[in-house]
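[1] sequence and predicted model, in that order:
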Amino acid sequence: MVGLVTMVGALVALPAALGSSAAAQPPPGPHGHGGGGGWHHGKDGKGIERMERRVEKMAEELGLDPRRRASISRIVKNARSRAEGLRAQKQKARARLHELMQAEGSREADVVEAARRVGQIETDLRVLKVRTMFSIRGLLTPEERQRLRDLRSARVERIQQACAADFAAHCAGAEHPRDKRQCLKRNRHQLSASCQQALPRHRRGAAPHPRP
């Protein structure tokens, strides 16, 4: 299992996803609309790789035994391998769609089918992530899932308090949490020392996940 590293996508969304039965659907984005936060898939579906780092940190924080850590490592490794294959398929599908869109004599039906193919692969990547999360969640006890929820709440509260002035100074016009997050990301070099300190080390150059 690769080195255990820190998380902020998991800081908010991963504990909720693994600790709650709500994992059946993409949880609220950061954290209001669906499909965001730790469920953000990134360009080309690289959310699996990010999830691997977050899950490793989760295992460390929960003090999981070596057997379950090894099981989680296998689950994520298999998911990463499948995600790589799907991304390769997506790249080809997108290239085909672009080719049809540029061709003068393309039929509408062919372009629509190519677009559907791209969409299906994107859906497959999302489903893969959901199933991976469920597989990992099944290895945790109810007490461990509750601890993840508690950790999430504590981290969110800590960031909210430390970054309150930064929200007010730089993002007063941002109403939705996703807009606030993007606003802080744009202004990351102007964040206060207390806000920066509240963020996990590997994300101190990025933005936290604000609540409404």
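    Arrived safely, thanks for sending. In this text the structure is predicted, and so the values were computed from the model without any measurement.
[2] what's the closest non-adjacent residue to residue 82?
    In space, and not counting its chain neighbours, residue 82 is closest to residue 128: 5.8 Å by Cβ to Cβ, 6 or more residues apart in numbering. Backbone N, C-alpha and C define where each C-beta goes, glycine included.
[3] my read: that neighbour touches residue 84, true?
    No: at 10.9 Å, residue 128 does not count as touching residue 84 under the criterion of Cβ atoms under 8 Å.
[4] in terms of neighbours, single out the busier of those two.
    Neighbour comparison, residue 128 and residue 84: the larger count goes to residue 128, with 20 against 15 (by other Cβ atoms under 10 Å).
[5] low-confidence stretches in the chain?
    By pLDDT under 70, the low-scoring segments of the chain are 1-49, 199-212.
[6] what is the subsequent helix or strand relative to the longest helix seen in it?
    Longest helix in the chain, counting residues (DSSP state H): helix 66-102. Once helix 66-102 ends, the next helix or strand along the chain (criterion: DSSP states H and E) is helix 108-137.
[7] other SSEs contacting that following helix?
    Judged by 3 or more Cβ pairs under 8 Å, 6 or more residues apart in numbering; DSSP states H and E, helix 108-137 is in contact with helix 9-19, helix 47-62, helix 66-102.
[8] would you mind writing the CA trace of the second one as PDB?
    Going back to what we said before, that points to helix 47-62. Provided in PDB are the C-alpha atoms of helix 47-62 (Å, rounded to 0.1, in the frame of the first residue of the first chain):
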ATOM      1  CA  GLY A  47     -11.300  10.700  -9.100                       C
ATOM      2  CA  ILE A  48     -10.300   7.100  -8.500                       C
ATOM      3  CA  GLU A  49      -6.600   8.100  -8.000                       C
ATOM      4  CA  ARG A  50      -7.600  11.000  -5.700                       C
ATOM      5  CA  MET A  51      -9.900   8.600  -3.800                       C
ATOM      6  CA  GLU A  52      -7.000   6.200  -3.300                       C
ATOM      7  CA  ARG A  53      -5.000   8.800  -1.400                       C
ATOM      8  CA  ARG A  54      -8.000   9.800   0.600                       C
ATOM      9  CA  VAL A  55      -8.900   6.300   1.600                       C
ATOM     10  CA  GLU A  56      -5.300   5.600   2.700                       C
ATOM     11  CA  LYS A  57      -5.500   8.600   5.000                       C
ATOM     12  CA  MET A  58      -8.800   7.400   6.300                       C
ATOM     13  CA  ALA A  59      -7.300   4.000   7.100                       C
ATOM     14  CA  GLU A  60      -4.600   5.700   9.000                       C
ATOM     15  CA  GLU A  61      -6.900   7.900  11.000                       C
ATOM     16  CA  LEU A  62      -9.200   5.000  11.900                       C
END
